[in-house]
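[1] just coords:
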């Protein structure tokens, strides 16, 4: 993938340089054309060359206008090539997880406050997160859909549909990057389009008699004015007809202006989506999900992009009201506002109810394309098998070469992991910094990716539909008066509630997956063991699957847990004869091994930082 991105970068960089040279030549030509125009105006001061000077000035003006139009097209193409160069750089940065080189996506409005505990535990949002890695969705709907998919697991049938769509989009790098180029300007768009949607989905205001009256009255004032100017009619017919138009305007003008304001609210932002919609309009796909999404972007044989362009041109007609010198005669002579509003309300009837769906479909396409980027960049990853619990006997999570998706391939260590059957749990032990928390997060993040419809960082992964519940990153609160131990208890209460709820609902064959890191570390050993026994025996009785990391090796000896736990561990080593600053060098291989940990390193770490004595 690195070679592909570098080849594309070189190609687009050369295209950008070529267009920059062409743009420079246009700038020179524009200067010459403007100079000829100015020279012609100057020569008009000399009567002897007046006619020729007028011709020179006219040629210069026409050439200047034509060059401005052509130059603008070249500048747009140059900017597009420059953006494509940036996209290849970002693709290279994603491969090596160079987070500072990747733009940090703005979170959807719904997540602007506190993130859900699961999102914080698994680094789903924020810098160096899964959302950051999938940061090629730029429209507010695209980000909202992608965030929803990461937080709300889909049903197995839905997952299979998304996987087929993602697999089809993965090799289509030109399409995915074209969509990203067109959607990138929407990063700066206000996400709240509700004022516009409220008008689009509302009923038209103009009634049939209003439109009929406007059409009957509109043709007559202007001819009456012309006939008066030609001496054929007296002035009073024109005054009468114009007065009727004025009275109708005074009666209904405020309501029309308010309706214009409703339409104009966010319409300029809404119009920007036309470019992104054009990137996928009339595309042919094989997967059912993509075919349905593209079909939803067409109404009455007109694509969403064309419908948006039609709306914009009609809104531009309504903007005449801001120019009083032009708007007043148009209104008196033709009842301009009535006819323009009738055109806008015709659009409202034809397309208004579909507008929200267009953006939702575009958001889904962006989310699928973001997962397609991941599948393209990581060809060794796989699409998981997600099957309902009743088809798995017993329910298991089986992964081969499972790694953490947010780690670069050069730093990632993969392990085979099995969780289940129900009634058992994985007990992960090991010394400090050995990889216990990373393993739990790897399991959780891959489960999130799997149920979003994306590829997972493994050579194979089979799992039932899961309801994730985690207790990994715990924080106390001085403001709320919550101690660390109480904060941890509240989180474990949420995990237990999730297990109870999942067992009670039994929907979609879903199983609760709990991930508990250093469970109940905030209390003494004796009480911790009693509390852990109570919590885990309850989770086991509910049929939940889980993994628990701990430093307390005696948990494996508790009678109620000994038969249910499947102990695995990480270990550290000291290189013989290797020292740094006079102290032995500790290394970790992050390889998962069966059984309870046989080593500890807390005292050795104290010595390494100079606290041994």
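    In hand now; what should we look at? All values reported here derive from a predicted model rather than from experimental measurement.

[2] secondary structure element for the most centrally placed residue in the chain?
    Geometric centre of the chain, nearest residue: residue 143, 2.3 Å, by C-alpha atoms, centre = their mean. Here residue 143, judged by DSSP states H and E, is contained in helix 140-151.

[3] residues contacting that helix, please?
    Contacting residues not belonging to helix 140-151 are listed as 105-111, 116, 118-119, 124-125, 130-131, 134, 137, 162, 183, 186, 189, 191, 359-360, 362-367, 370, 448, 452-453 [C-beta atoms under 8 Å, 6 or more residues apart in numbering]. Every C-beta, even on glycine, is put in place using the N, C-alpha and C of the backbone.

[4] what segments of the chain are strands?
    With strands called from DSSP state E, the chain shows them at 298-299, 302-303, 385-386, 397-402, 415-419, 425-429, 460-463, 466-471, 511-517, 545-550, 565-569, 572-580, 583-588, 593-594.

[5] follow-up on the earlier one: tell me which of the contacts of helix 140-151 fall in helices.
    Among the contacts of helix 140-151, the members falling in helices (DSSP state H) are 118-119, 130-131, 162, 183, 359-360, 362-367, 370, 448, 452.

[6] residue 564 against residue 426, yeah?
    No - with contact defined as C-beta atoms under 8 Å, residue 564 does not reach residue 426; the gap is 10.3 Å.

[7] looking at these two, which is more packed in?
    Each of residue 564 and residue 426 has its neighbours counted (other C-beta atoms under 10 Å); residue 426 has more, 23 against 15.

[8] and the nearest residue to that one once chain neighbours are set aside, what pLDDT?
    Leaving aside its sequence neighbours, residue 426 sits nearest to residue 547 (C-beta to C-beta, 6 or more residues apart in numbering; 4.0 Å). pLDDT for residue 547: 93.

[9] just give me the neighbour total for residue 547.
    Residue neighbour count, defined by other C-beta under 10 Å, stands at 23 for residue 547.

[10] what's across from it in the sheet?
    residue 426, residue 515 (DSSP bridges).

[11] quick check: it touching residue 515?
    Yes - contact criterion C-beta under 8 Å: residue 547 and residue 515 qualify, at 5.5 Å.

[12] and for those two, which residues touch both?
    440, 443.

[13] now do the contacts for residue 355.
    Contacts of residue 355 by C-beta under 8 Å, 6+ apart are 196-197, 200-201, 270.

[14] tell me the contacts of the residue lying closest to residue 135 once chain neighbours are set aside?
    Among residues not flanking residue 135 along the chain, residue 105 sits closest, at 4.3 Å (C-beta to C-beta, 6+ apart). Applying C-beta under 8 Å, 6+ apart, we find residue 105 in contact with 131-132, 135, 137-138, 143.

[15] again, only using 7 Å
    131-132, 135, 143 (C-beta atoms under 7 Å, 6 or more residues apart in numbering).

[16] next one: phi and psi at it?
    phi -70, psi 140 (degrees, to the nearest 10).

[17] against residue 126, how distant is it?
    Between residue 105 and residue 126 the computed distance is 10 Å (C-beta to C-beta, to the nearest Å).

[18] please apply the same query to residue 556.
    Residue 556 sits 35 Å away from residue 126, going by C-beta to C-beta.

[19] now do residue 539
    From residue 539 over to residue 126 (counting by C-beta to C-beta), the distance is 29 Å.

[20] report how many residues lie close to the closest residue to residue 352 other than its chain neighbours.
    For residue 352, ignoring the flanking residues on the chain, the nearest one in space by C-beta to C-beta, 6+ apart is residue 200 at 3.6 Å. Residues within reach of residue 200, counting by other C-beta under 10 Å, total 21.

[21] ok, now residue 402?
    24.

[22] hmm, residue 415 and it touching each other?
    Yes - Residue 402 sits in contact with residue 415 when judged by C-beta atoms under 7 Å, with a separation of 5.9 Å.

[23] residues contacting stretch 283-298, please?
    For stretch 283-298, the external contacting residues (C-beta under 7 Å, 6+ apart) are 161-162, 164-165, 168, 277, 280-281, 303-304, 357-358, 361, 364-365.

[24] let's see 10 Å
    With contact meaning C-beta atoms under 10 Å, 6 or more residues apart in numbering, stretch 283-298 is reached by 158, 160-169, 172, 175, 179, 277-278, 280-282, 303-307, 354, 357-358, 360-365, 368, 453.

[25] and these, which are buried?
    158, 160-169, 172, 175, 179, 277-278, 280, 303-307, 354, 358, 361-365, 368, 453 (16 or more other C-beta atoms under 10 Å).

[26] who touches residue 22 in this structure?
    70-71, 74-75, 77-78.

[27] most surrounded residue in those residues?
    Going by other C-beta under 10 Å, residue 78 tops those with 19 neighbours.

[28] span of stretch 453-460 from start to end?
    One end of stretch 453-460 sits 15 Å from the other (C-alpha to C-alpha, to the nearest Å).

[29] which residue sits closest to residue 460 in space, ignoring its chain neighbours?
    residue 400 (4.5 Å).

[30] so that neighbour is in contact with residue 384, correct?
    No - proximity of residue 400 to residue 384 does not meet the contact threshold set by C-beta atoms under 10 Å, at 11.0 Å.

[31] between these two, which has more neighbouring residues?
    Taking other C-beta under 10 Å, residue 400 and residue 384 do not tie; residue 384 has more neighbours (24 against 15).

[32] now do the contacts for the more buried one.
    Contact analysis of residue 384 by C-beta under 10 Å, 6+ apart lists 159, 163, 397, 399, 446-447, 449-451, 453-456, 458, 460-463.
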